[in-house]
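J.: Next come a sequence and a model predicted from it.
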Amino acid sequence: MVSSATDVKLTRTRIPAIAAKLPSSSKATGFPARLDVCDVATGTLIAALVIIALVTCRDYAISNDEAVQHRYGELIIAYYASGFSDQSVFSFQNLYLYGGLFDIVAIAFSHLFSIDPFDLRHMLCALIGISGIGAAALTARSIAGPRAALITTLTLSVTGAWYGAMFNHTKDIPFAAAMIGATFFLIRIARRLPSPRTADLAAFGLLAGAALGTRVLGLLLVIYAAFAILLYVPWHDLTRRRFAIQSCLQMLSALLLAYVIMILAWPWAALAPLNPIRGLLAFSEFQYGVRTTFAGQTYEMASVPRLYVPTYILIRVPLLTLFGAALALFYALPRHAPRDRPLPGREIALLALTVVFPLACQVVYHGPAFSGLRHFLFVIPALAALAGIGLDATLSAIARRGRAVGSAAVALTAACLVWDAATLVRLHPYENLSYNSLVGGFEGASRRYDQDYWFGSMPEALHQLEAYLRRTAAVDANWPAQVYSVAVCGERLPFEKSVTLPQLRFDFRSEWDQSEFFIAPTNMNCDHDLDGKVIGTVERLGVTIAYVKDRRALIQPVATAAR
């Protein structure tokens with residue numbers, strides 16, 4: 001015997017007894033039936049972020065990974081253009097273990113626009129990062145309403161670990177944006193199981209494919225989809241088996257679409273059905289000679305403490321966001337749910353799973369890690385969405401105690417957001433170096449935790465060196481003929497893209513300590529590797545990020561001709 005509640009679920013027919021309990025059309029779909037002031041504010045903020053990103057994207061240095069990723073994209077295109085005969089893509093370092101969707105798209109755009117390819121990559125990555133903010137806002141709105149979406153947009157925008165990475169983390173940000181977008185549509189699908197909308201299934205499949213076409217960790221979405229089905233199965237109903245089977249078949253159609261997109265962007269995955277699993281296992285066992293800093297100690301990437309990643313989440317994400325996410329979990333419990341507007345516990349549980357499950361796997365299996373939370377940036381948008389939901393519910397609860405108290409709570413929340421935003425402005429363009437007060441902020445984290453791991457401050461340090469030489473060496477009659485070697489604790493490409501003086505060349509001496517000048521970040525104490533007279537520093541918030549040193553007084557006279 002099928003219950004009346006299940007009949008309504010399957011037929012979509014409302015009956016008076018429970019019509020009031022069903023979600024409104026706007027909440028059920030996740031898209032607003034009408035806009036209110038919070039929706040307008042959210043849209044305005046996202047538009048402002050787009051403008052700011054396009055204006056400032058050239059302030060950010062080329063990351064260590066971008067050159068090889070760009071080349072990888074070229075090899076993927078060459079593989080298809082050659083009719084699969086050019087297989088050099090499968091022997092290019094270990095890049096074959098990654099998808100190359102972003103790189104393919106960036107190269108395609110580079111043929112359409114006469115823009116430096118790396119500037120174009122930064123623009124594209126920033127726009128994708130902002131779309132991730134929008135997807136997180138839509139997720140919060142679909143669960144808790146417009147104000148939750150606005151708060152989510154604000155909290156994620158002032159999270160330095162996200163905003164600062166939007167411009168040159170061209171694998172981590174696209175993957176994270178695809179994951180939160182797929183999560184949004186998964187929530188929409190779950191509400192309508194076992195008969196979700198075709199458009200939602202297609203959108204989920206496209207975004208899941210985009211995630212898998214970037215990083216193999218997109219396989220997590222398969223687990224999230226299975227969890228969603230389990231959450232919504234009517235366990236006390238005789239139709240539960242039919243519900244589960246039908247739901248799985250619907251999800252399978254979306255995952256098949258995701259698979260097609262994945263193999264197009266990731267050729268190696270198409271060579272054998274189990275290659276994605278092999279890629280996932282390979283990542284769990286990676287042991288490069290990469291070091292990282294944690295609580296003042298240096299570790300190899302394979303020997304970091306189990307709580308390395310969760311700790312970096314706790315100290316990198318603004319405290320308001322962490323507090324709001326905890327409140328969302330608190331209010332999702334039936335015992336503590338707001339009486340006037342209870343939160344959908346299953347949807348919050350699904351959203352929380354996307355944050356907790358990857359971190360739990362990292363801790364339990366003690367996987368390798370480095371560069372702080374960079375490889376787990378994909379949990380940050382979902383965390384921000386939870387914060388928006390929790391803070392919105394808290395502000396509503398406080399407002400019921402009186403208008404003055406409610407206004408004070410809103411003012412306090414706004415003050416915290418403004419403080420975080422002001423910190424990012426002062427750090428620009430090094431927003432990615434922000435830490436919260438649990439470790440004393442940026443100052444307390446200096447030399448104790450990973451900071452400028454890609455030497456993003458290299459262009460500014462290099463410009464200081466050039467200004468110094470223009471002041472001091474231009475009076476020498478031999479100045480035009482002089483060629484100086486610059487030892488750099490970083491990569492060649494960012495140096496060559498930033499240097500303007502032809503007299504300066506990337507480290508070309510046979511020995512590193514023979515170079516006339518040295519520029520290095522304070523990250524991993526790289527600035528201690530070579531001595532010299534300090535002639536410039538890159539600083540933010542009173543903390544030195546990088547040093548520029550003149551070593552000419554310390555080295556023996558050597559020929560200054562270029563290689």
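T.: Alright, I've got the coordinates.

J.: alpha carbons only for contacts and neighbour counts from here, please
T.: Fine.

J.: all strands of the stretch 201-350 of the chain, in order?
T.: Assigned by DSSP state E, counting those that start in this stretch, the stretch 201-350 of the chain shows strands spanning 291-294, 297-300.

J.: Can you tell me what sits against the first one?
T.: It stands for strand 291-294. With contact meaning C-alpha atoms under 8 Å, 6 or more residues apart in numbering, strand 291-294 is reached by 298-301, 308, 370-372, 447-450, 524.

J.: out of the residues you listed, what pair is the most spread apart?
T.: By the measure C-alpha to C-alpha, M301 and R447 form the most distant pair in the contacts of strand 291-294, at 17.2 Å.

J.: Tell me how far R188 lies from A349.
T.: Per C-alpha to C-alpha, to the nearest Å, R188 is found 14 Å from A349.

J.: Mind checking which of those two has more residues around it?
T.: The neighbour comparison of R188 against A349 (other C-alpha atoms under 10 Å) goes to R188, with 24 against 18.

J.: Tell me which other helices or strands the helix or strand in which that one is found touches.
T.: Counting by DSSP states H and E, the element that carries R188 is helix 172-191. Using 3 or more C-alpha pairs under 8 Å, 6 or more residues apart in numbering; DSSP states H and E, the elements in contact with helix 172-191 are helix 25-29, helix 117-144, helix 198-212, helix 220-232, helix 345-365, helix 380-399.

J.: switch the cut-off to 7 Å
T.: Counting contacts by 3 or more C-alpha pairs under 7 Å, 6 or more residues apart in numbering; DSSP states H and E, helix 172-191 is packed against helix 117-144, helix 198-212, helix 220-232.

J.: can you state the direction angle for the last one and helix 198-212?
T.: It refers to helix 220-232. Relative orientation of helix 220-232 versus helix 198-212 (axes from the mean of the first three to the mean of the last three C-alpha atoms, to 10 degrees): 140 degrees.

J.: For helix 220-232, name the packing helices and strands.
T.: Helix 220-232 sits against helix 172-191, with contacts defined as 3+ C-alpha pairs under 7 Å, 6+ apart.

J.: Flag the shaky bits of the stretch 201-350 of the chain, pLDDT-wise.
T.: Low-confidence segments of the stretch 201-350 of the chain (pLDDT under 70): 285-287, 336-341.

J.: ok, back up a step: for the helices and strands packed on helix 172-191, which one ends up most surrounded?
T.: Sort the helices and strands packed on helix 172-191 by mean neighbour count, taking mean count of other C-alpha atoms under 10 Å, and helix 117-144 sits at the top with a mean of 25.

J.: which residues touch stretch 402-421?
T.: The list of residues contacting stretch 402-421 from outside it, by C-alpha atoms under 7 Å, 6 or more residues apart in numbering, reads T155, V158, L395, I398, A399.

J.: among those, which two are most distant?
T.: Counting by C-alpha to C-alpha, the most remote pair of the contacts of stretch 402-421 is V158 and A399, 24.9 Å apart.

J.: more neighbours, the two?
T.: Neighbour comparison, V158 and A399: the larger count goes to V158, with 24 against 17 (by other C-alpha under 10 Å).

J.: Skipping adjacent residues, who's closest to the more buried one in space?
T.: Of all residues not flanking V158 in the chain, A421 sits nearest, at 5.2 Å (C-alpha to C-alpha, 6 or more residues apart in numbering).

J.: Walking through the stretch 201-350 of the chain, point out its helices one by one.
T.: 220-232, 240-265, 267-271, 275-284, 308-316, 319-332, 345-365 (DSSP state H, counting those that start in this stretch).

J.: Reformat those into TSV and put distance to I555 next to each item.
T.: Formatted as TSV, these follow (distance: least, C-alpha to C-alpha, whole Å):
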stretch	distance to I555
helix 220-232	54
helix 240-265	50
helix 267-271	49
helix 275-284	43
helix 308-316	41
helix 319-332	48
helix 345-365	47
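
J.: List just the one of those that sits closest to R540.
T.: helix 308-316 (16.8 Å).

J.: and L219, how far is that from L238?
T.: Note on L219: its distance to L238, by C-alpha to C-alpha, is 31 Å.

J.: go on, G440?
T.: G440 is 56 Å from L238, by C-alpha to C-alpha.

J.: okay, and for the protein, where does confidence drop off?
T.: Of all residues in the chain, those with pLDDT under 70 make up the ranges 1-35, 285-287, 336-341, 474-479, 556-563.

J.: same thing but at 80, please
T.: Applying pLDDT under 80 to the chain flags the ranges 1-35, 238, 283-289, 334-343, 473-481, 556-563.

J.: Show me the strands in the stretch 401-550 of the chain, by range?
T.: Using DSSP E, counting those that start in this stretch, the strands of the stretch 401-550 of the chain run over 484-488, 504-506, 517-521, 533-540, 543-550.

J.: Quick one: closest of the ones you listed to L120.
T.: Nearest to L120, of all those, is strand 504-506, at 24.3 Å by C-alpha to C-alpha.

J.: Report the distance from that closest one to the chain centre.
T.: 33 Å (C-alpha atoms, centre = their mean, to the nearest Å).

J.: now for that strand, which elements pack on it?
T.: strand 484-488.

J.: Do I have it right that L504 meets Q482?
T.: No: using C-alpha atoms under 7 Å, L504 is not in contact with Q482, being 8.7 Å away.

J.: Same drill for those two, tell me which one is more crowded.
T.: Each of L504 and Q482 has its neighbours counted (other C-alpha under 10 Å); L504 has more, 22 against 16.

J.: Relative to C526, how far out is the more buried one?
T.: Taking C-alpha to C-alpha, one finds L504 at 21 Å from C526.

J.: Likewise for L256?
T.: L256 is 47 Å from C526, where distance means C-alpha to C-alpha.

J.: Repeat that for L201.
T.: From L201 to C526 the distance is 49 Å (C-alpha to C-alpha).

J.: next one: Y288
T.: Taking C-alpha to C-alpha as the measure, Y288 falls 18 Å from C526.

J.: Contacts only, for R448.
T.: R448 makes contact with T293, F294, A295, G296, according to C-alpha under 7 Å, 6+ apart.

J.: would JSON lines of those residues with neighbour count and distance to D116 be doable?
T.: Below are these laid out as JSON lines (neighbours: other C-alpha atoms under 10 Å; distance: C-alpha to C-alpha, whole Å):
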{"residue": "T293", "neighbour count": "23", "distance to D116": "34"}
{"residue": "F294", "neighbour count": "22", "distance to D116": "36"}
{"residue": "A295", "neighbour count": "13", "distance to D116": "39"}
{"residue": "G296", "neighbour count": "14", "distance to D116": "39"}
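
J.: wait, which of the residues you listed is closest to I229?
T.: Nearest to I229 among the contacts of R448 is F294, at 38.7 Å by C-alpha to C-alpha.

J.: can you tell which of the helices and strands packed on helix 172-191 is closest to V68?
T.: Nearest to V68 among those is helix 117-144 (11.9 Å), distances taken as C-alpha to C-alpha.

J.: so the closest one versus helix 172-191, what angle?
T.: 30 degrees.
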